[in-house]
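1. One predicted model, sequence on top.
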Amino acid sequence: MNAKRLLALILAAMMLTFTVACGKDPVQPDAPDTTAAPAGADTTPAPETTESPYDANGYIKDDLPRDLTFAQNGNPTDFTILGWEHALPEFEVAEETGDVINDSIYKRNRAVEERLGVKLGFIIIPGNNANVGPFCTAVQNSINTNSSSYDAVGGYPRSPGALALNGMLLDLLDQEYLNFDQPWWSKMLVEQNTLRGRLYFASGDIAPTLLFQMMFMIYNNDLGTDLGMTNPQELAIEGKWTQDKMFEMIANVYSDIDSDGKKSEKDQFGLFSIYNPNLDIFYMGAGMRYLKSDENGQIVISDDYFSEKNLSIVDRFIALYKSNDGYTSNSISSTQVFAEGYSLLYNVTGKILYETVRHSDMAYSILPAPKYNEAQEDYYTCLAFTHTQYCLPIDVRDAAMSSAVLECMASEGYRRTTPAIFETAFKYQYSNSENDSILFDKIRSGVVYDLARPFHDEMGGDGSAPVTTWRSQIVNGNNGLGVVQAAFMRMWQKKLDSINERIPD
């Protein structure tokens, strides 16, 4: 069955499910009406006029009023979004170029403008991990001077986290036109970002970087065939792709390709991990969290962090990277290693796939992060830090307009940019089988978030925050989370106390 046929069947099933679910309970009919119709009257029953919840392409419609407009005297109202500067397409596109992703963002923006009577304008400034402070200062300066310079903000995740703790953001759950029950908002992100019943930043189909920064795995079909292995995709579809299976597969794959007598990135490995941050996939993929909100709305260190389960995972990956079976590197040149066919498995982001691996001649297959074991119900994955979270500063000129624009951007992203990136770019144009499509769906639906990301700087930053400390344990080969607990737990608790005191009640 081809992918388009599969999609059609799924949509048909969804329509049937909706019709059944929305049907009324049966009731006893009244006594029949035996009054004769007047002579010549049309007795044909009036057709039902129930509007479909889906648009012409099978996507769920949003519930923004069709006559909603913020135009004034027939002229569109300027709407300014502060965004952060990075290499991936995200915010403003000046014109259509023929590139499918570029053009989808252009069409999304034009659709929002036409529907709501606004003219989108973007102010793009540096805002990555090294520029969180200046980015937040730009928002703060607008608030302090009553300038209302920005109608919405799309920032690197640490920026909205810092802005929220400083009381500079509106509660998104209290805004007129935002509907977080709609599929274009990531429900897991909404749930995990909600602090004491308030939501200060959110993401989903409004942000193309959400797909680009998903973490997953790639299997080298050619090398697997040479080694006499069975492609693990069917295993993954059956829900049986686990860490045990992965470790079985990568054992004894090593070969000293460059004959220098030592491990190097040009050798053949079972698992090659580029960039330490991509190790997060094995923590989050096992269903664990770094920080969580407790029953009292306080952010606390998750019990997962110092659990026996995590201890076993850390020890196992330390042993892996000390052996010849695995290799990890922070070298930018290492993106070519998998594309050149040196490794059997590779943990990547969509960005790496889009920019590097897909251009190679190697046949590859898509895999989710392995489960901890088969008892784990679902596959999970995480996002790299470099994606966009949207928020509304407290000094926006018109909160109703701001909420409507964000909702419309997300809705139009759901039906325009996400299909272009996910269905066209990743699935059909660059993927090699229908199994890739099935597993990409599983990966996307399993994206989880963690409060350790927006509050990374407040928890110690790259030197001592829980996320980077976990990675460092593995990369540096330091067994024993008990040592980490003794060294950092008191410091982390003080930082959590500070965060909890600053979260608006």
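-> Yep, that arrived.
2. Can I get stretch 263-280 in CSV? Just the C-alpha atoms.
-> Taking Å, rounded to 0.1, in the frame of the first residue of the first chain, the C-alpha atoms of stretch 263-280 are listed here in CSV:
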residue,chain,number,x,y,z
LYS,A,263,39.6,4.3,17.6
SER,A,264,38.9,7.3,15.4
GLU,A,265,35.9,8.7,13.6
LYS,A,266,36.9,7.1,10.3
ASP,A,267,36.6,3.6,11.8
GLN,A,268,33.5,1.4,11.6
PHE,A,269,31.3,1.4,14.7
GLY,A,270,28.1,-0.1,15.8
LEU,A,271,26.8,3.2,17.2
PHE,A,272,28.2,6.7,16.3
SER,A,273,26.9,9.6,18.4
ILE,A,274,27.6,13.1,17.1
TYR,A,275,27.4,16.0,19.6
ASN,A,276,27.0,15.3,23.3
PRO,A,277,23.5,16.8,23.3
ASN,A,278,22.3,14.0,21.1
LEU,A,279,22.9,11.6,23.9
ASP,A,280,19.7,13.0,25.5
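3. By mean pLDDT, flag the weakest helix or strand of the chain.
-> helix 3-21 (a mean of 36; mean pLDDT, DSSP states H and E).
4. next SSE after that one?
-> strand 77-84 (DSSP states H and E).
5. Give me the sheet partners of that next one and which way each runs.
-> Paired strands of strand 77-84, with direction, are strand 118-125 (parallel), strand 152-155 (parallel) (DSSP bridges).
6. Could you tell me the model confidence score at residue 37?
-> We have a pLDDT of 42 for residue 37.
7. Can you say which of the strands paired with strand 77-84 is packed in most?
-> Sort these by mean neighbour count, taking mean count of other C-beta atoms under 10 Å, and strand 152-155 sits at the top with a mean of 27. The C-beta positions use only the backbone N, C-alpha and C, and glycine is treated the same way.
8. Please state the offset of it from the chain centre?
-> 16 Å (C-alpha atoms, centre = their mean, to the nearest Å).
9. same question, stretch 140-148
-> 31 Å.
10. Which positions in that stretch come out as buried?
-> Neighbour counts over stretch 140-148 (16 or more other C-beta atoms under 10 Å) mark 142-143 as buried.
11. pLDDT (mean, whole number) over that stretch?
-> 97.
12. how about stretch 286-298: buried residues?
-> 286-293.
13. Ok, stretch 178-197 next?
-> Per 16+ other C-beta under 10 Å, stretch 178-197 contains these buried residues: 178-180, 182, 184-186, 189-190, 192-195.
14. before we move on, the earlier item: save the strands paired with strand 77-84 as CSV, and put in mean pLDDT and distance to residue 232 too.
-> As requested, the strands paired with strand 77-84 are exported to CSV (pLDDT from 0 to 100; distance: least, C-beta to C-beta, whole Å):
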stretch, mean pLDDT, distance to residue 232
strand 118-125, 97, 41
strand 152-155, 98, 37
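15. Tabulate these in JSON lines, adding columns for distance to residue 458.
-> Converted to JSON lines, the strands paired with strand 77-84 look like this (distance: least, C-beta to C-beta, whole Å):
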{"stretch": "strand 118-125", "distance to residue 458": "22"}
{"stretch": "strand 152-155", "distance to residue 458": "15"}
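16. Among the ones you listed, which comes closest to residue 103?
-> Of all these, it is strand 118-125 that lies closest to residue 103, at 16.0 Å by C-beta to C-beta.
17. Can you tell me what sits against that closest one?
-> Residues outside strand 118-125 that contact it (C-beta atoms under 8 Å, 6 or more residues apart in numbering) are 70-71, 76-85, 91-92, 109, 112-113, 131, 134-135, 138, 149-150, 401, 405.
18. and the very next helix or strand once past that strand, what does it pack onto?
-> Later in the chain than strand 118-125, the nearest helix or strand by DSSP H and E is helix 132-144. Judged by 3 or more C-beta pairs under 8 Å, 6 or more residues apart in numbering; DSSP states H and E, helix 132-144 is in contact with strand 77-84, strand 118-125, helix 158-165.
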